[in-house]
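J.: Model the following, please.
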Amino acid sequence: MRETVTASELDLALVNALQLRPRASWSELSPLLGVTAGTLARRWERLTGEGLAWVYAAPGREFTHNRCTAFVLLRCLPQERSRLVTELCALPEAVTIELTGSGSADLLLDVLAPDLASLSRFLQEKLDRLPGVVSVSCLFATSLYVEGSRWRLRSLDPAQLTALAGSTAAREPVRTLTLDAVDRALVDELVRDGRLGLAELATRTATSPATVRRRLRRLEDSAILTFRCDIASALAGHPVPVSLLGQVPARDIGTIHRAFAALPDCRLVAAVTGPANIFATLWVHDLGDIQRRETALCARLPTLTVTDRIVGLHTAKRMGHLLDEEGRRVGVRPISPW
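T.: Residues are numbered from 1 along each chain as shown. Just a heads-up that it's a prediction; the model follows:
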């Protein structure tokens, strides 16, 4: 039986606000949500303590332009799957690991690497050598149109959404940066906890708050990293993750990705290599929604042919954060793909 999670409307509104502005201070969010900063701090402490929500740093837009993202479909011996999941969770390149119940994969991995050579070594020297692996199929992402941080709880009212959107003006990326030791130390702390304050980050990286502020601004402006607020499956109402593989003429890829992106339950859309050239992940309400979504999409997009449907049973790891059967965060294996 699935766990029932008790979350107030304030809890849900707080998470939704942090999905939009992950590092906003409690004093900034206090007037928007109508409670004191202290109340928000206590609510967030409870949510994170129970593994229901967390904020972390993740690769930004620059990553998809200059580094490597791949989706790996792994077949394995049934009796080896649990052991393989444990071993894969320890590998930093496999940032997300999903156990599946249908489709062409027993395990679905999101893999990030700084370059093609590193990705090749991961596939050949780590994955191929794991006992119990039957086959490995790798889909290289050529364009990433939508990624996981755009999914929202939709708990805020229009006025609150407008206030938050108005305070997040887009900035033009600066030139590509090369990360030094201080940058890497800073990123390593933030992939564990994206809401660490400047003073705490300065202590942990042996720098000053002013240096941390300046470095952090550069990393964000360069689109090297971004921040996400993620939630447990239980808090989201236990959505069913389904990844669709599809074929579409190259001329229609732009139309296809815009159609997927317009769906509120869409978490990811990418153009990929291989017989299928579109990979999309949706969080749908139930299994029946899979067919309904596919039917509606194909009616709207006649050149789209869905070739595979991979239903997720359990996400063991999401962007380096370890999850239990209810999707609660229970640990971290920090990623470092930069």
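J.: C-alpha from now on. contacts and neighbour counts both.
T.: Noted.
J.: what ranges do the strands span in the protein?
T.: Shown for the chain, the strands assigned by DSSP state E span residues 53-59, 68-76, 94-100, 107-113, 133-146, 225-231, 240-247, 266-272, 278-284, 305-318, 321-323, 329-332.
J.: give me the low-pLDDT residue ranges for the stretch 101-250 of the chain?
T.: Residue ranges of the stretch 101-250 of the chain with pLDDT under 70: 166-176.
J.: what are the ranges of the helices in it?
T.: For the stretch 101-250 of the chain, helices defined by DSSP state H, counting those that start in this stretch occupy the ranges 116-121, 158-166, 181-192, 198-205, 209-221.
J.: for the closest residue to Thr96 other than its chain neighbours, which residues make a bridge with it?
T.: In this structure, Thr96 finds its nearest non-sequential neighbour in Arg318, 4.3 Å apart by C-alpha to C-alpha, 6 or more residues apart in numbering. Assessed by DSSP bridges, Arg318 has beta-bridge partners His321.
J.: Next, the contact list for Arg318, please.
T.: Arg318 makes contact with Val95, Thr96, Ile97, according to C-alpha atoms under 8 Å, 6 or more residues apart in numbering.
J.: what's the pLDDT at it?
T.: With respect to pLDDT, Arg318 scores 96.
J.: what's Phe227 in contact with, if anything?
T.: Phe227 makes contacts with Pro22, Arg23, Val55, Tyr56, Ala57, Ala58, Gly194, as judged by C-alpha under 8 Å, 6+ apart.
J.: farthest-separated two in the residues you listed?
T.: Across the contacts of Phe227, the longest distance by C-alpha to C-alpha is 13.1 Å; it joins Arg23 and Ala58.
J.: quick check, nearest of the contacts of Phe227 to Pro264?
T.: Of all these, Pro264 sits closest to Pro22, with 19.6 Å by C-alpha to C-alpha.
J.: circling back to that earlier point, who has more neighbours out of Arg23 and Ala58?
T.: A direct count of neighbours by other C-alpha atoms under 10 Å for Arg23 and Ala58 places Ala58 higher, at 23 against 18.
J.: Same list (the contacts of Phe227) but as TSV, adding distance to Leu47.
T.: Output for the contacts of Phe227, formatted as TSV (distance: C-alpha to C-alpha, whole Å):
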residue	distance to Leu47
Pro22	14
Arg23	16
Val55	11
Tyr56	14
Ala57	18
Ala58	20
Gly194	15
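J.: in the protein, which residue is closest to the centre?
T.: Residue closest to the mean C-alpha point of the chain, counted by C-alpha atoms, centre = their mean, is Gly148 at 4.0 Å.
J.: ok, that one touching Ala270?
T.: No. Taking contacts as C-alpha atoms under 8 Å, Gly148 lies outside contact range of Ala270: 11.5 Å.
J.: Give me the nearest residue to Thr281, chain neighbours excluded.
T.: Computed as C-alpha to C-alpha, 6+ apart, the closest residue to Thr281 that is not its neighbour in sequence is Ser243, at 4.2 Å.
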